[in-house]
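> only geometry, no sequence info:
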């Protein structure tokens, strides 16, 4: 039997959550609650905000077309997300939607669109990426919702990269070796009270150019690894690389 009821309706809210709180919803959430989910007065729904855990709330109708949510009891305590940043060259929209959802499901704490010379999508809809990570969190029982940064050029991303943080550079031109061993050698494994600070960098379709590759490899402490003998699409590489990191030194251990 599953330890979590995935059939329960969940909704992400910005408001603080505690027993006795009353949550007023914006118009799109009102429509979703009343017209999509078709909840009525007295129906229960699970709420989370990425800070206060998960709470059971009941629908209270304010009018025929409006409702509020009355918070009743906490179902799950908040868990801390790992310090796992996923930095990526933006993709075309449908694949970008998929990648954002999967990064959230795989435990990324922060998503950073990085613009490279070969990036095909130069105008990034950050609000759409945020909507996708929220949707993934609602559907998959996640309590932590990744933050989404504004797009940044590769030069600026590397120039501001903090010391003491591990940069894992996935590159099709890296020597084919054991990626799990390379990641394990890069930093300590996560424990209940500690998460290593990791940034995972994956490039665009066509990869990084030679100058960019040299620039990345000049950073101290870069882990340069291949994702195997086959060329992966960028959205496939995201799932594969995040799985490797979580299995080697992340919260899958």
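Arrived safely, thanks for sending. None of these values were measured; they are calculated from a predicted model.
> element containing the residue nearest in space to the middle of the chain, please.
Centroid-nearest residue in the chain: residue 104, 2.8 Å away (criterion: CA atoms, centre = their mean). Assigned by DSSP states H and E, residue 104 belongs to helix 93-105.
> Next SSE downstream of that helix?
Beyond helix 93-105 toward the C-terminal end (DSSP H and E), the next one is strand 110-115.
> List of residues touching that next one?
With CB atoms under 8 Å, 6 or more residues apart in numbering as the test, strand 110-115 has contacts from 84-90, 100, 103, 122, 124, 126, 129, 133, 146-154, 157, 201. Backbone N, C-alpha and C define where each C-beta goes, glycine included.
> Now, of those residues, which are buried?
Buried by 16 or more other CB atoms under 10 Å: 84-90, 100, 103, 124, 129, 133, 146, 148-149, 151-152, 154, 157, 201, out of the contacts of strand 110-115.
> can you tell me which of those residues are in strands?
84, 85, 86, 87, 88, 148, 152, 201 (DSSP state E).
> Just give me the closest of the residues you listed to residue 163.
residue 85 (14.7 Å; CB to CB).
> residues touching the residue nearest to the centre of the chain, list them.
132, 133, 136, 137, 140, 142, 145, 146.
> got CSV for those residues, with pLDDT and distance to residue 192 too?
CSV is the format used below for those (pLDDT from 0 to 100; distance: CB to CB, whole Å):
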residue, pLDDT, distance to residue 192
132, 97, 29
133, 97, 25
136, 96, 24
137, 95, 22
140, 92, 22
142, 94, 18
145, 94, 21
146, 95, 21
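> Give me the contacts around stretch 20-32.
11, 13, 15, 17, 33, 47, 57, 65-71.
> and those, which two are the farthest apart?
That would be 17 and 65, which, of the contacts of stretch 20-32, are the farthest apart (CB to CB) at 24.4 Å.
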